[in-house]
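1. here's a sequence, model it:
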Amino acid sequence: MTASTLRRHNAQSAHRTVDIALTGVFAALIAVLAFAPPIPVGGAGVPITLQTLGVALAGLALGPWRGMAAAGLYVSLGLLGLPIFAGFSGGLGVLAGPSAGYLLSFPLTALITGLLARAVLRRSPPRWWIPLLFCAAAAGSVFATHPLGILGMSFTLDVSLQEAFLMDIVFWPGDLAKSLAGAGAAALLHRTYPTLLARR
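-> Residues are numbered from 1 along each chain as shown. Down below sits the predicted model:
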C-alpha cells in the first residue's frame, strides 16, 4: 500500500467515524427533545412535542443521508423498547397509537429536509440561509410528517382522511415555529462549521 493510498484510507476511516458519531449525537438530540413536556391538543391524543425540531435539525445540519440515519436510529431504538418517545414511551405498542404515522415519518422527513438543505447551503449566499433553510424544514414537514401522520391517525383512530386532516391542522403553527427555530440554529451551525456538509 502506497503512502497516498494509506492517507486516503485513513481519511475515509476518519470520515466514517465522524459520520457515525454525528448520527448518534443527533439521534440522542431527538430523544432529549422528546423528553420536553408534551402539550396536549385536540382530541386525537397526539401531543405537540419537540421531536420534530430534532428531526428537522438532523436534516438541516447533517444533510440527507446522515440526517435520515439519525432519525432512523432514534425511531428504531424506540421501537425496540427504549423509552425515548414522547411521554417516556417505547416499544412496538406505539404503532397502535395515533402518533404512529408521525414517528414513522421521521427518517423520510429528515431525508427530504436534508436534500433541500444541502442544495441551499451549496448554492445560496449565507444571508439567505435562514429563510431558505426554513423552507427546507417546512417542506420536509409538509411532504412527509403531516401526510404520514394523517394516514396514521386515519388508520388507528378509524376516522376518514378528512377528519384526520382536520385533527392534524392544529400542529401546523407549532411546526412552522419549530422549522424557523431549526433554520436559525442550523444556519449558525454551518457558519461555525462550514465543512459540516463537505463532500466525503
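2. now do the strands in the protein.
-> Shown for the chain, no strands are assigned by DSSP state E.
3. quick check: which ranges of it have low pLDDT?
-> For the chain, residues meeting the criterion pLDDT under 70 lie at 1-14, 42-44, 198-200.
4. that one: helices as residue ranges?
-> Per DSSP state H, the chain carries helices over the ranges 3-34, 51-62, 64-79, 100-123, 129-140, 146-157, 161-168, 172-192.
5. identify whichever of those helices lies nearest to residue 90.
-> Nearest to residue 90, of all the helices of the chain, is helix 64-79, at 4.8 Å by Cβ to Cβ. (Each C-beta comes from the backbone N, C-alpha and C, glycine too.)
6. quick revisit: give me whichever of the helices of the chain is most buried.
-> helix 51-62 (a mean of 30; mean count of other Cβ atoms under 10 Å).
7. run the angle between that helix and helix 64-79 for me.
-> 150 degrees (axes from the mean of the first three to the mean of the last three Cα atoms, to 10 degrees).
8. what helices or strands is helix 51-62 leaning on?
-> Identification of packing neighbours for helix 51-62 by 3 or more Cβ pairs under 8 Å, 6 or more residues apart in numbering; DSSP states H and E yields helix 3-34, helix 64-79, helix 100-123, helix 129-140, helix 172-192.
9. need those in a markdown table with distance to residue 88, can you?
-> Shown next, in a markdown table, are the helices and strands packed on helix 51-62 (distance: least, Cβ to Cβ, whole Å):
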| stretch | distance to residue 88 |
| --- | --- |
| helix 3-34 | 9 |
| helix 64-79 | 10 |
| helix 100-123 | 14 |
| helix 129-140 | 26 |
| helix 172-192 | 21 |
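10. and these: which comes nearest residue 49?
-> helix 3-34 (6.0 Å).
11. nearest to residue 151, of the helices and strands packed on helix 51-62?
-> Using Cβ to Cβ, the helices and strands packed on helix 51-62 put helix 100-123 closest to residue 151, at 5.2 Å.
12. got the angle for the closest one vs helix 51-62?
-> Using the same axes, to 10 degrees, helix 100-123 lies at 30 degrees relative to helix 51-62.
13. name the helices or strands packed onto helix 100-123?
-> helix 51-62, helix 64-79, helix 129-140, helix 146-157.
14. just want the angle from that helix to helix 172-192.
-> Going by the same axes, to 10 degrees, helix 100-123 makes 40 degrees with helix 172-192.
15. can you give me the offset of helix 100-123 from its chain's centre?
-> 6 Å (Cα atoms, centre = their mean, to the nearest Å).
16. tell me what angle it forms with helix 161-168.
-> Using the same axes, to 10 degrees: helix 100-123 against helix 161-168 is 70 degrees.
17. restricting to C-alpha, output helix 100-123 in PDB.
-> Output in PDB follows, covering the C-alpha atoms of helix 100-123 (Å, rounded to 0.1, in the frame of the first residue of the first chain):
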ATOM      1  CA  ALA A 100     -47.600   6.000  14.800                       C
ATOM      2  CA  GLY A 101     -47.600   7.800  11.400                       C
ATOM      3  CA  TYR A 102     -45.700  10.800  12.700                       C
ATOM      4  CA  LEU A 103     -43.000   8.600  14.200                       C
ATOM      5  CA  LEU A 104     -42.600   6.500  11.100                       C
ATOM      6  CA  SER A 105     -42.300   9.600   9.000                       C
ATOM      7  CA  PHE A 106     -39.200  10.900  10.800                       C
ATOM      8  CA  PRO A 107     -36.500   9.300   8.600                       C
ATOM      9  CA  LEU A 108     -38.300  10.500   5.400                       C
ATOM     10  CA  THR A 109     -38.800  13.900   6.800                       C
ATOM     11  CA  ALA A 110     -35.000  14.200   7.600                       C
ATOM     12  CA  LEU A 111     -34.200  12.900   4.100                       C
ATOM     13  CA  ILE A 112     -36.300  15.500   2.300                       C
ATOM     14  CA  THR A 113     -35.200  18.300   4.600                       C
ATOM     15  CA  GLY A 114     -31.600  17.300   4.200                       C
ATOM     16  CA  LEU A 115     -31.700  17.100   0.400                       C
ATOM     17  CA  LEU A 116     -33.200  20.600   0.200                       C
ATOM     18  CA  ALA A 117     -30.800  22.000   2.900                       C
ATOM     19  CA  ARG A 118     -27.800  20.700   1.000                       C
ATOM     20  CA  ALA A 119     -28.900  22.400  -2.100                       C
ATOM     21  CA  VAL A 120     -29.500  25.700  -0.200                       C
ATOM     22  CA  LEU A 121     -26.100  25.600   1.500                       C
ATOM     23  CA  ARG A 122     -24.100  24.900  -1.600                       C
ATOM     24  CA  ARG A 123     -25.900  27.300  -3.900                       C
END
